[in-house]
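[1] Sequence and predicted model, in that order:
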Amino acid sequence: MHIVLYKPDIPQNTAAIIRLSACLKLKLHIIEPCGFNLSDTRFKRVVMDYMGMSKIFRYDGYDTFLKKHKNSRIVLMTTKAKKLYHKFKFKKNDMLFFGRESEGVPEILHQRIKNKIKVPMNKKTRSLNVAMSVAIISSEALRQNNLLK
């Protein structure tokens, strides 16, 4: 199972996702540029020693990522989706794609990515924290594929 972060901009969230990836044996793909430096103290405080326990791949942009994974199914997590995550059939090698905390993904990616899902939320709220979304969605994807061990 793969987690993809598109230009993450909050170091603590990325660090928490790296820890989650290490604990659940998820591959993490980071599409640059990040909105912070990996030497950021806020990042280091949360990531602790999990950086070396995670499989992390970095790309200089979306097109570079796409060339490497052109045959992969990309599933975009977005509050704009109609389909709910727990009604979606995940596959073992899905690329679970999460946008920037500050602005999601550009409209062009919304148009290019076919599969879009969301976590149901209270109508009075805007969005979940991206690290929480990654935990919720990846847990369901792992459960559906019998990968929680």
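    Received the coordinates, thanks. Numbers count the residues shown, from 1 in each chain.
[2] Specify the next element, helix or strand, located C-terminal of the helix or strand bottoming out on mean pLDDT in the chain.
    Within the chain, confidence by mean pLDDT, DSSP states H and E is lowest for helix 41-47 among all helices and strands, at a mean of 77. Downstream of helix 41-47, the first helix or strand assigned by DSSP states H and E is strand 55-59.
[3] And stretch 13-29, how far out from the chain middle?
    Relative to its parent chain, stretch 13-29 has a centroid offset of 9 Å by CA atoms, centre = their mean, to the nearest Å.
[4] mind saving the C-alpha coords of it as PDB?
    Provided in PDB are the C-alpha atoms of stretch 13-29 (Å, rounded to 0.1, in the frame of the first residue of the first chain):
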ATOM      1  CA  ASN A  13       1.900  16.300   9.800                       C
ATOM      2  CA  THR A  14       4.500  14.800   7.400                       C
ATOM      3  CA  ALA A  15       6.400  13.500  10.400                       C
ATOM      4  CA  ALA A  16       3.300  11.900  11.900                       C
ATOM      5  CA  ILE A  17       2.600  10.300   8.500                       C
ATOM      6  CA  ILE A  18       6.200   9.000   8.300                       C
ATOM      7  CA  ARG A  19       5.700   7.300  11.800                       C
ATOM      8  CA  LEU A  20       2.400   5.900  10.600                       C
ATOM      9  CA  SER A  21       4.000   4.500   7.500                       C
ATOM     10  CA  ALA A  22       6.700   2.900   9.500                       C
ATOM     11  CA  CYS A  23       4.200   1.300  11.900                       C
ATOM     12  CA  LEU A  24       1.900   0.000   9.200                       C
ATOM     13  CA  LYS A  25       4.600  -0.800   6.600                       C
ATOM     14  CA  LEU A  26       3.300   1.700   4.100                       C
ATOM     15  CA  LYS A  27       5.500   3.100   1.300                       C
ATOM     16  CA  LEU A  28       5.500   6.900   1.400                       C
ATOM     17  CA  HIS A  29       5.900   9.000  -1.700                       C
END
